[in-house]
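A.B. asks: how does the following fold in three dimensions:
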Amino acid sequence: MSKPWKMIAERRYCFTTMRVLQDYLDGVLADAKADQVARHLDDCRRCGLEAEVYQEIKTALSKQEMLLDPQTVQRLRNFSDQLIREGASSQDESND
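C.D. replies: Numbering: from 1, shown residues only. This next block holds a predicted model:
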């Protein structure tokens with residue numbers, strides 16, 4: 001395969017891999033597709049490094065403890081209740 005065509009083919013694999021990388025890291029790809037992605041990540045330094053960065057971010061985020069201020073949670077609940085009431089009243093008006 002000539003060099004330009006080889007580069008185009010490699011880029012296609014990179015693009016395809018990046019489109020499914022998050023699913024691969026989450027472990028939700030079908031086995032055959034996951035094997036293809038794993039092989040590409042082993043062969044392609046750029047995609048392999050990208051996957052490492054994504055995995056590090058994912059790991060760091062999973063270690064974060066999400067603490068929510070109870071007052072903030074209550075304000076959000078009040079706001080959602082208000083939206084529900086307003087939505088119900090606009091539905092009643094449109095049915096008239």
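A.B. asks: make it CA atoms for all contacts and neighbour counts henceforth
C.D. replies: OK.
A.B. asks: return the distance of the closest residue to Y24 other than its chain neighbours relative to V53.
C.D. replies: Leaving aside its chain neighbours, Y24 sits nearest to A34 (6.1 Å; criterion: CA to CA, 6 or more residues apart in numbering). Distance, A34 to V53, by CA to CA, to the nearest Å: 18 Å.
A.B. asks: please apply the same query to S80.
C.D. replies: Distance of S80 to V53, given as CA to CA: 36 Å.
A.B. asks: higher neighbour count, A34 and V53?
C.D. replies: Each of A34 and V53 has its neighbours counted (other CA atoms under 10 Å); A34 has more, 19 against 12.
A.B. asks: where do the helices of this protein begin and end?
C.D. replies: For the chain, the helices defined by DSSP state H cover 3-26, 31-43, 45-63, 70-95.
A.B. asks: in a markdown table, list those along with mean pLDDT.
C.D. replies: As requested, those are exported to a markdown table (pLDDT from 0 to 100):
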| stretch | mean pLDDT |
| --- | --- |
| helix 3-26 | 81 |
| helix 31-43 | 95 |
| helix 45-63 | 90 |
| helix 70-95 | 78 |
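A.B. asks: spatially central residue for the chain, please.
C.D. replies: The centroid of the chain falls nearest to Q22 when counting by CA atoms, centre = their mean (5.6 Å).
A.B. asks: could you find the closest non-adjacent residue to that residue?
C.D. replies: Nearest non-adjacent residue to Q22 (CA to CA, 6+ apart): Y54, at 7.9 Å.
A.B. asks: what is the neighbour count of Y24?
C.D. replies: Neighbours of Y24 under the rule other CA under 10 Å: 20.
A.B. asks: ok, the nearest residue to V37 once chain neighbours are set aside - how many residues close by?
C.D. replies: Spatially, and ignoring its direct neighbours in sequence, V37 is nearest to T17 (5.9 Å; CA to CA, 6+ apart). Counted with other CA under 10 Å, the neighbours of T17 add up to 21.
A.B. asks: sweet, I'm off.
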